[in-house]
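[1] Mind looking at a prediction? Sequence and model below.
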Amino acid sequence: MNEEVDFVKRMAVVTKLATDNPGIGRTALMKCMYLLQTVKGVPLGYRFQLYAYGPYDSTVLDDLGMAEVWNTVEERVEQYSRGYKYAIFPGTKYGEFLESTAIFLEKHAEAIKWVIDNFKEYTAAGFELLGTMVWADREAQRSQEKWSKDELIRLVLEIKPRFSKDQADQIFEKLKRLGVFVAIA
Amino acid sequence: MINSYIRCPVHGFIEMDDWELEIIAQPAFQRLRRIRQLGWTDYIYPGAMHTRFEHSLGVMDVATRLYDAIAARSSEVLKSEFGYNDDGLRRDRRLVRLAALLHDLGHGPFSHAAEEVFPKRDNGERFQHENYSAAIVRLRLKDAIENHPGNGNYGIEAEDVAAFLEGSVKMAKMLFWWELINGKMDADRMDYLLRDSLHLGVRYGTYDIDRLINTICAVPDTNEENGAPRVGVMEGGWHAAESMVLARYYMFTQVYFHKTRVAYDYHIGEALRKVLPKGSFPKPQGSELESYLEWDDWKMLGLIAENKAGDHGKRILNRNHYRKIYATKEVPDEDDLTQFDDAKTKLGNMLGFESVAEKSWYKVDKTDIPVLMDQSQKKSLSELSSPIYNMAPNKQQLLYVKPEDKDKAETILRKST
């Protein structure tokens, strides 16, 4: 895949996610970008690394920052029962911007729809868990190792000990149903 | 047990024991004495002659101080979240020290300038210096790590260190400490800002490291039921964290993304392409790794001096670098990008190369450091700090031409405006 991707195209994806899923949080945005690049092959050019909070590349937040500067998205701090979160909404110039980047977005429209339709109900922590699972799967593929479902879940729960095995099981099965895994049996 | 002290110009005496000295004595580590920290930055700041060797020692020292501060201040969080006990904390402290010491082992000649010439994996992703660091640990330092008597009580394997350096899922709870080596407030960053400032003779990179260490902690995620704790600062330390972020911003604009420094990173990359078989470094695997380890600044300097590195080698030798001819604003808008593309088109074949700030290794990012408020609530630095909140990412783009083309290029661009 040799498609050249610059930050304007990445901002277009950020803006599209904020438009089609208004109120999306920073963690959800990060993990959606990870899934789009890793699972759906959208050429975004990020270099994700694994942290306790899942796959992360600060460039995603840079792109969000630029989208704010260009007024294609707007970020608000929203209070809720447990604390606060950053919520991202379309900005005043989202329409014309999406129009000017339509060729790129149309090419990847199916992938963007896939990520929103299948994952928009997850909390930030849920996104962290599922992102970590996908990372583990791709790491197994890279190192040509074969891990079972139980091994993968054990590893992931060591990183995310606050989740129950049942919760991890559910996410695993959903990812499996969606055909996300490439290395896990 | 501490056996030796090495004097460091930034942190004073750095303590280490026999085990660590044995690792430092290995040829793969001594090679770092022959890799300068900032490539050809001495062509702009003559003092920039320091190496990855002294930086690595400094990172180990800072990582240890950060680790000890968190272990002391946040022991309850570490126990409840990750099941740590005192033995576990002692073992992982050693692992963090080793990983910090060895994190830059894989750098190529002139540090980050070499990364553009790293080979790619089968899937098209380029190897990173961390992959080389991990491979060197696995293949060259296994004996020194695993079989030294100093490791007797810890049972640390080379694979543990390598997995840590690569940020592997196998690190499990150790991933929390990964942020000390590769995070927003990591030991690497905390060391290089101070060290680079000292050697270059600038003050942009200075900040209050003691206050940061005095307030660093594990910040539980109070916003999410299942959220993971992160490395952050207590409320009293957020101004110190803010000053470090700003120090990094100034260092980026004044040093790391200096227009002439950027040109020399380009020249060294092209010179390396010229002299390397097949135009890229050997892979971090098996016998290829042995060939990789032969590459350091000294070897490359020799090839440049012998005129074997082509036009770009000659330009380095004679300090006759490409010149910046056009740049967007640091935070470009759509019009800036259109004008940039126009300028590029007008320059045509005269264009030497283009550079994008966001692709720089040291790029300034939209940093979000967690802050543990006095009421045990988590906030983020960008929520507390107006300058950080308003800091826009640097996406500046630059165009360069050969010095002999500069006047002509300026005329073309002037005519068209």
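    That came through, no problem. Residues are numbered from 1 along each chain as shown, chains lettered A, B, ... in the order given.
[2] From chain A, how far out is the closest residue to B:Gly47 other than its chain neighbours?
    Distances taken as C-beta to C-beta, 6 or more residues apart in numbering or on different chains place B:His199 nearest to B:Gly47, at 4.8 Å, with adjacent residues excluded. All C-beta spots, glycine's among them, are computed from the backbone N, C-alpha and C. Note on B:His199: its distance to chain A, by C-beta to the nearest C-beta, to the nearest Å, is 26 Å.
[3] Put the alpha carbons of the longest helix along chain A into CSV.
    Ordering each helix of chain A by length in residues (DSSP state H) puts helix A:124-142 first. Provided in CSV are the C-alpha atoms of helix A:124-142 (Å, rounded to 0.1, in the frame of the first residue of the first chain):
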residue,chain,number,x,y,z
ALA,A,124,-12.5,4.3,27.3
ALA,A,125,-11.3,1.4,29.5
GLY,A,126,-13.1,-1.1,27.2
PHE,A,127,-11.3,0.4,24.3
GLU,A,128,-8.0,0.0,26.2
LEU,A,129,-8.7,-3.6,26.7
LEU,A,130,-9.8,-4.4,23.1
GLY,A,131,-6.9,-2.4,21.7
THR,A,132,-4.5,-4.4,23.9
MET,A,133,-6.0,-7.6,22.7
VAL,A,134,-5.5,-6.7,19.1
TRP,A,135,-2.0,-5.6,19.9
ALA,A,136,-1.2,-9.0,21.5
ASP,A,137,-2.6,-10.7,18.4
ARG,A,138,-0.4,-8.7,16.0
GLU,A,139,2.6,-9.2,18.3
ALA,A,140,2.1,-12.9,18.1
GLN,A,141,1.9,-12.7,14.4
ARG,A,142,5.1,-10.6,14.2
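[4] Next, the buried residues of that helix.
    A:124-141 (16 or more other C-beta atoms under 10 Å in any protein chain shown).
[5] quick check, that helix touching chain B?
    Yes - using C-beta under 8 Å from any C-beta of the partner chain, helix A:124-142 reaches chain B at A:124-126, A:128-129, A:132, A:135-136, A:139, A:142.
[6] Which element is encountered next along the chain beyond the helix or strand that B:Gln30 is a member of?
    Per DSSP states H and E, B:Gln30 falls inside helix B:27-30. Counting by DSSP H and E, the next helix or strand C-terminal to helix B:27-30 is helix B:52-73.
[7] Contact partners for residue 134?
    Looking at chain A here, since you left the chain open. A:Val134 sits next to A:34-35, A:38-39, A:55, A:175, A:180-181 when contact means C-beta atoms under 8 Å, 6 or more residues apart in numbering or on different chains.
[8] meant chain B actually
    Counting by C-beta under 8 Å, 6+ apart, B:Ala134 touches B:106, B:161-163, B:165-166, B:284.
[9] Point me to the helix or strand that includes the closest residue to A:Arg10 other than its chain neighbours.
    The shortest distance from A:Arg10 to any residue other than its chain neighbours is 4.6 Å, reached at A:Asp63 (C-beta to C-beta, 6+ apart). Taking DSSP H and E as the definition, A:Asp63 sits inside helix A:58-69.
[10] May I see the buried residues of the following helix or strand past that helix?
    Next helix or strand after helix A:58-69 toward the C-terminus (DSSP H and E): strand A:73-80. Residues of strand A:73-80 classed as buried: A:73-75 (neighbour count, 16+ other C-beta under 10 Å).
[11] Out of the residues you listed, which comes closest to chain B?
    Relative to chain B, the closest of the buried residues of strand A:73-80 is A:Glu75; by C-beta to the nearest C-beta it sits at 9.9 Å.
[12] in chain B, which segments are predicted with low confidence?
    B:1-2, B:224-226, B:359-367, B:416-417 (pLDDT under 70).
[13] no no, chain A
    Within chain A, the segments meeting pLDDT under 70 span A:1-5, A:81-82.
[14] what about 80?
    A:1-5, A:79-85, A:185 (pLDDT under 80).
[15] which stretches of it form helices?
    Under DSSP H, chain A gives helices at A:7-20, A:26-38, A:58-69, A:94-100, A:102-107, A:109-119, A:124-142, A:149-159, A:165-177.
[16] before we move on, what about the stretch 201-350 of chain B?
    Secondary structure of the stretch 201-350 of chain B, counting by DSSP state H, counting those that start in this stretch: helices at B:209-215, B:238-251, B:259-275, B:286-293, B:297-305, B:310-317, B:334-347.
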